[in-house]
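**Student:** Dropping the sequence and predicted coords here.
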Amino acid sequence: MALDIRLKKVNKIYREGDVVSGLVIIQTKGELQHQGVSLVMEGIVSLQLSSKSVGLFEAFYNSLKPINLLNYNVEVAKPGKFPSGKTEIPFELPLRPKAGKSLYETYHGVFVSIQYCIRVEIKRSLLNKDLQKQCEFIVENKLQDQEEKCKLKPVNFTIAPDTLTNVKDKQHIPRFKVKGRLDSSCLQITKPLTGELMVEYCDAPIKSIEIQLVRVETCGCAEGFAKDATEIQNIQIGDGDVCRGMMIPIYMIFPRLFTCPSLSTNNFKIDFEINIVLVFHDDHLVTENFPLKLTRF
């Protein structure tokens with residue numbers, strides 16, 4: 001037999017207040033005896049610590065329990081038999097959070113994950129295994145109040161040995177100067193990060209210039225926080241010893257599911273940054289970091 005969940009929306013994108021509707025499709029070659037069919041819709045925030053943070057704060061373990069944002073459990077078919085062939089069971093569930101909770105956007109991270117899914121289960125007799133099928137759908141929020149906060153904030157930057165803060169021995173760094181700008185550090189998540197940079201001069205051959213998108217996930221509580229930065233994607237914008245004095249465009253699209261609007265709650269935070277990375281021919285590199293604010297409106 002085959003069990004499937006088909007949502008009415010092909011793109012599977014919903015917002016708070018929408019009705020999530022679709023079909024439970026059961027296909028059998030013969031009659032199927034069952035003890036009822038249940039449908040569960042839930043939204044969960046999963047939190048975990050990196051290996052370097054485990055054991056630092058005992059209080060973390062209470063604050064790292066999964067956060068249940070919504071939960072519906074309905075019976076869509078009473079015990080009985082499904083006939084041979086295809087059976088379709090329609091369903092409709094309102095997308096509303098539990099009392100005192102908010103619906104955050106879908107996000108697949110390393111230490112923070114926000115997921116929404118529908119799970120159907122056909123209960124069988126004791127001698128037969130229950131049948132299950134799960135389908136993830138995507139929640140997006142349209143936050144009108146963030147429009148004011150998302151005004152363009154251009155960032156002009158200069159990267160040179162004197163501007164580097166995390167380098168102890170600057171004598172071994174070649175003379176170089178990179179100037180450029182980001183069109184804005186506050187961005188709509190549906191629009192690309194844009195800007196440009198130029199290598200004014202550099203004494204050493206350049207191997208690569210890269211733009212790195214980083215997520216900064218913070219988990220914890222009042223007693224302490226664990227903050228971890230991990231790479232999402234890396235885009236090379238300059239290959240080899242690039243021409244001096246030539247503008248190089250910066251263009252990066254934010255990947256779906258792996259990014260979301262910047263978020264801060266009592267138990268976790270999700271922030272984003274980019275690194276501009278200059279790799280020299282001997283594989284030494286210098287990095288300049290820029291925090292970003294992502295919104296959706």
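**Tutor:** That came in fine, so what should we check first?
**Student:** contacts and neighbour counts: CA atoms only from here.
**Tutor:** Will do.
**Student:** In terms of helix, strand or coil, where does V10 fall?
**Tutor:** The local conformation at V10, judged by DSSP: H, G, I helix; E, B strand; the rest coil, is coil.
**Student:** Count residues in the vicinity of it, would you?
**Tutor:** Neighbour count for V10, taken as other CA atoms under 10 Å: 7.
**Student:** Need the per-residue pLDDT for it.
**Tutor:** In this model, V10 is scored at 93, pLDDT.
**Student:** For V139, see how far away it is.
**Tutor:** Here the criterion is CA to CA, to the nearest Å. By it, V10 lies 14 Å from V139.
**Student:** Quick check: bridge partners of L39?
**Tutor:** Counting by DSSP bridges, L39 is bridged to V74, V120.
**Student:** you'd agree it is up against N71?
**Tutor:** No. L39 is not in contact with N71 according to CA atoms under 8 Å; the separation is 10.5 Å.
**Student:** out of the two, which sits in the busier spot?
**Tutor:** Neighbours per residue, other CA under 10 Å: of L39 and N71, the larger number sits with L39, 21 against 17.
**Student:** May I have the residues that are in contact with that one?
**Tutor:** L39 makes contacts with Y72, N73, V74, E75, V76, I118, R119, V120, E121, as judged by CA atoms under 8 Å, 6 or more residues apart in numbering.
**Student:** what's the neighbour count on the last one?
**Tutor:** Translated: E121. Neighbours of E121 using other CA under 10 Å come to 18.
**Student:** surely it meets M41?
**Tutor:** No. Between E121 and M41 there is no contact under CA under 8 Å: 11.7 Å.
**Student:** Now do the SS call for the residue nearest to V178 when sequence neighbours are not counted.
**Tutor:** Among residues not flanking V178 along the chain, V199 sits closest, at 4.5 Å (CA to CA, 6 or more residues apart in numbering). Here V199 is recorded as strand under three-state DSSP.
**Student:** got it, and D162?
**Tutor:** Classification of D162 using three-state DSSP returns helix.
**Student:** Equivalent analysis for the one 3 residues further on, please.
**Tutor:** Following three-state DSSP, the label given to T165 is coil.
**Student:** What segments of the stretch 101-250 of the chain are strands?
**Tutor:** For the stretch 101-250 of the chain, the strands defined by DSSP state E, counting those that start in this stretch cover 107-108, 112-122, 131-139, 155-159, 176-182, 186-188, 193-202, 206-221, 224-239, 247-252.
**Student:** got CSV for those strands, with distance to I274 too?
**Tutor:** Converted to CSV, the strands of the stretch 101-250 of the chain look like this (distance: least, CA to CA, whole Å):
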stretch, distance to I274
strand 107-108, 18
strand 112-122, 19
strand 131-139, 25
strand 155-159, 12
strand 176-182, 11
strand 186-188, 12
strand 193-202, 10
strand 206-221, 5
strand 224-239, 9
strand 247-252, 10
